[in-house]
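**Q** kindly return the folded structure for what I paste below:
(chains A and B)
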There are 2 protein chains.
Amino acid sequence: MRHVVYSVAMSLDGRIAGPRGESDWIIIDPEIDFNAMFARFDTILMGRKTYETTRTSQGGSMPGVESYVFSRMLRQADCRGVTVSDDPSQTVSALKEQSGKDIWLFGGGVLFGSLLELGLVDRVSVAIIPALLGGGVPLLPDVQRQTQLRLLEHQLYAKTGTLTLEYAVTQKQRRAKQRS
Amino acid sequence: MRHVVYSVAMSLDGRIAGPRGESDWIIIDPEIDFNAMFARFDTILMGRKTYETTRTSQGGSMPGVESYVFSRMLRQADCRGVTVSDDPSQTVSALKEQSGKDIWLFGGGVLFGSLLELGLVDRVSVAIIPALLGGGVPLLPDVQRQTQLRLLEHQLYAKTGTLTLEYAVTQKQRRAKQRS
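**A** Presented below is the predicted three-dimensional model:
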């Protein structure tokens, strides 16, 4: 089955954007093969905020890639080139049942938290940028349970000291506070 | 000159303890040589909360190691075996001028943030445990500036998927909000 992969760049202190959404701390290593990275996916999942950020700067969709935006506020008629859904559980479950390449959970952290709690995230793939932001958007906002991971691979990009790590989500049921 | 090293275990989402201080998510890899790790240091720095946690469980000091606790509330007379200081800047600057082994900034994140803002941290050494906590004590709480790092070394402990990373603090002056 195709995987839902949360793939992002983060600072060592677990931030994916600065306090005002900054990404200027992300130093792109010239050895990273982004084409190969993108070729793994044919579907993108985004929360509303991430969509609105990317729509402003890039137009909101990529050729050959189906994009889904999760929001209770957005109307489909206002969002060309993407599919709007207010039901992540149903939509993502259905996508996983279809054949295709992997599914890129593009962000942000809130959508990651929601899908993680639904047990719908299979992989977490982070590029650790050698910086401490000291504030900003967390990789994962507060959620009510811990998740165990298994490290699948890691790679060093020595020119910038960027480390890419890919983990499998191995245990999806343990809650920080057990239900009684 | 001896280095101040912030050396901690953290989850992939940048937490050093769970929401109630839990450390049960830290799976100790049998290949990690803690004796070698500890032998690097002869001095430990702690914030008050960390001190009170370790005092409860371990008595507050280790043989052959000088421990410093930073607090405006604690009184020296109540804290045997450690030196209490209310002036991290002066105390840590003086320690760095003395000869000796490296200095272990044991925690927590608040003390790390304070010393980082003072430009007194030289190394950040983290063991990334393959888990997402989704809440708890951050590696670095909110501070007003970004810090650039340089990756010095990394090592995989394959039995548990723990990665240890050591960074040099390379740039201490950049503030997230520039003073005008």
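**Q** which parts of chain A are helices?
**A** A:34-39, A:48-58, A:88-97, A:109-117 (DSSP state H).
**Q** pLDDT averaged over the second one, what's the number?
**A** Spelled out, it's helix A:48-58. On average, the pLDDT along helix A:48-58 is 79.
**Q** how far off centre is that helix?
**A** 14 Å (CA atoms, centre = their mean, to the nearest Å).
**Q** alpha carbons of it, as CSV, please.
**A** Written as CSV, here are the backbone C-alpha positions of helix A:48-58 (Å, rounded to 0.1, in the frame of the first residue of the first chain):
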residue,chain,number,x,y,z
ARG,A,48,-5.4,25.4,5.1
LYS,A,49,-2.5,27.7,6.3
THR,A,50,0.1,25.8,4.3
TYR,A,51,-2.1,26.0,1.3
GLU,A,52,-2.6,29.7,1.6
THR,A,53,1.1,30.2,2.0
THR,A,54,2.0,28.1,-1.1
ARG,A,55,-0.9,29.6,-3.1
THR,A,56,0.5,33.1,-2.6
SER,A,57,3.9,32.2,-3.7
GLN,A,58,3.5,29.3,-6.2
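**Q** give the buried residues for that helix.
**A** For helix A:48-58, the neighbour count (16 or more other CB atoms under 10 Å in any protein chain shown) marks A:Arg48, A:Lys49, A:Thr50, A:Tyr51, A:Thr53, A:Thr54, A:Arg55 as buried. (C-beta placed from N, C-alpha, C; glycine too.)
**Q** next, the angle from the least confident helix or strand in chain A by mean pLDDT to helix A:109-117.
**A** Every helix and strand of chain A was ranked by mean pLDDT, DSSP states H and E. The lowest is helix A:48-58, at a mean of 79. Going by axes from the mean of the first three to the mean of the last three CA atoms, to 10 degrees, helix A:48-58 is angled at 130 degrees with respect to helix A:109-117.
**Q** now for helix A:48-58, which elements pack on it?
**A** strand A:66-70, strand A:102-107 (3 or more CB pairs under 8 Å, 6 or more residues apart in numbering or on different chains; DSSP states H and E).
**Q** strands paired with the shortest one, and their directions?
**A** Strands adjacent to strand A:66-70 in the sheet, as given by DSSP bridges, are strand A:41-47 (parallel), strand A:83-85 (parallel).
**Q** looking at those strands, which one is packed in the most?
**A** Comparing the strands paired with strand A:66-70 by mean neighbour count (mean count of other CB atoms under 10 Å in any protein chain shown), strand A:41-47 comes out on top with a mean of 23.
**Q** related to what we said a few turns ago, can I get the strands paired with strand A:66-70 in JSON lines including distance to A:Val124?
**A** Output for these, formatted as JSON lines (distance: least, CB to CB, whole Å):
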{"stretch": "strand A:41-47", "distance to A:Val124": "14"}
{"stretch": "strand A:83-85", "distance to A:Val124": "22"}
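**Q** out of those strands, which is closest to B:Arg80?
**A** strand A:41-47 (52.2 Å; CB to CB).
**Q** who's in contact with the closest one?
**A** Around strand A:41-47, the neighbours that count as contacts under CB atoms under 8 Å, 6 or more residues apart in numbering or on different chains are A:4-5, A:54, A:62, A:64-71, A:82, A:88, A:92, A:95, A:100-108, A:110-111, A:115.
**Q** residues contacting the residue in chain A positioned nearest to chain B?
**A** Of all residues in chain A, the one sitting closest to chain B is A:Gly14 (2.4 Å; CB to the nearest CB). By CB under 8 Å, 6+ apart, the contact set of A:Gly14 is A:Pro138, A:Leu139, A:Leu140, B:Met10, B:Leu12, B:Asp13, B:Gly14, B:Arg15, B:Pro138, B:Leu139.
**Q** just the closest of these to B:Phe38, please.
**A** Nearest to B:Phe38 among the contacts of A:Gly14: B:Met10, at 18.6 Å, using CB to CB.
**Q** who is A:Leu151 paired with across the strands?
**A** A:Tyr167.
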